[in-house]
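# Sequence and predicted structure below; questions after.
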Amino acid sequence: MDEIDKKIISILQEDGRLSVTEVAERVGLSLSPCHRRIRQLESAGIISGYKAQIEPSRIGLGFSSIVFVSLRMTASDAVEAFEHAVLDIPQIILAQRLFGDPDYFIQVVTKDLKAFQKLYDESLTKLPYVQRLSSTLVMKTVVRDRPFSLVISK
C-alpha cells in the first residue's frame with residue numbers, strides 16, 4: 001500500500017459516497033488507475049464496505065449503555081456459545097472480547113431506560129455462561145466512528 005492508496009482510503013473514510021471521478025481528482029489520478037486501486041483495496045479486504053452513519057437519537061434510540069461481561073468459564077465452547085448468542089441481540093451494536101477481567105465489553109442502544117431494563121432482564125442475563133454483568137450509562141458520546149488515522153508523508 002503506497003501513499004496514493006492511503007490518500008484514497010482517507011478520502012473514502014470521510015465520504016464513502018464520492019464517485020470514483022471525485023476520488024481520482026482529489027488524489028491526482030486519472031479515472032481508470034483510481035478505479036483499479038479502489039477495486040484492489042476492496043479485493044484485499046482493506047475496504048470492507050460502505051454504509052450510512054445514523055444518528056441513534058433521530059431514530060428513537062436515545063439510550064446507550066456499556067455492559068461489561070464476565071463469563072463463568074472461558075473454554076472455547078463457552079466463548080463460542082456466548083458470542084453466537086450475542087449476535088442474535090440487535091440492540092448490541094458493539095461487542096469486543098477483552099484480555100483479563102471482564103471478558104467482554106458490550107455497547108447496547110435502546111429507546112430508553114425501561115427498554116434497557118427489559119433487555120437486561122430478559123436477554124443479557126440469560127446469555128450462556130454469564131457469571132457477572134456490570135453496566136454503566138453513557139452520558140455523552142464525544143468521539144464516534146472516527147476515521148482511522150493514516151500517516152501520509154508530504
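Yep, that arrived. Numbering: from 1, shown residues only.

# For the most centrally placed residue in the chain, give the beta-bridge partners.
Centroid check for the chain by C-alpha atoms, centre = their mean gives Leu94 as the closest residue, at 5.8 Å. Counting by DSSP bridges, Leu94 forms beta bridges with Gln107.

# what separates it from Pro33, distance-wise?
Leu94 is 36 Å from Pro33, where distance means C-beta to C-beta, to the nearest Å. No exception for glycine: its C-beta is placed from N, CA and C like everyone else's.

# Report the buried residues of the lowest-mean-pLDDT helix or strand in the chain.
Every helix and strand in the chain was compared by mean pLDDT, DSSP states H and E; the lowest is helix 3-14, with a mean of 95. Using 16 or more other C-beta atoms under 10 Å as the test for burial, helix 3-14 gives Asp5, Lys7, Ile8, Ile9, Ser10, Ile11, Leu12.

# just the residues you listed now: which is nearest Pro147?
Ser10 (6.8 Å; C-beta to C-beta).

# Spatially nearest residue to that closest one (excluding sequence neighbours)?
Leu150 (5.3 Å; C-beta to C-beta, 6 or more residues apart in numbering).

# is it true that that neighbour touches Lys6?
Yes. Between Leu150 and Lys6 there is a contact under C-beta atoms under 8 Å: 4.4 Å.

# This structure: helices as residue ranges?
3-14, 20-27, 31-43, 76-87, 113-122 (DSSP state H).

# Dump those into a markdown table; add distance to Gln131 as well.
Shown next, in a markdown table, are these (distance: least, C-beta to C-beta, whole Å):
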| stretch | distance to Gln131 |
| --- | --- |
| helix 3-14 | 38 |
| helix 20-27 | 49 |
| helix 31-43 | 41 |
| helix 76-87 | 10 |
| helix 113-122 | 15 |
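
# Surely Ser64 is in contact with Ile106?
No. Between Ser64 and Ile106 there is no contact under C-beta under 8 Å: 11.3 Å.
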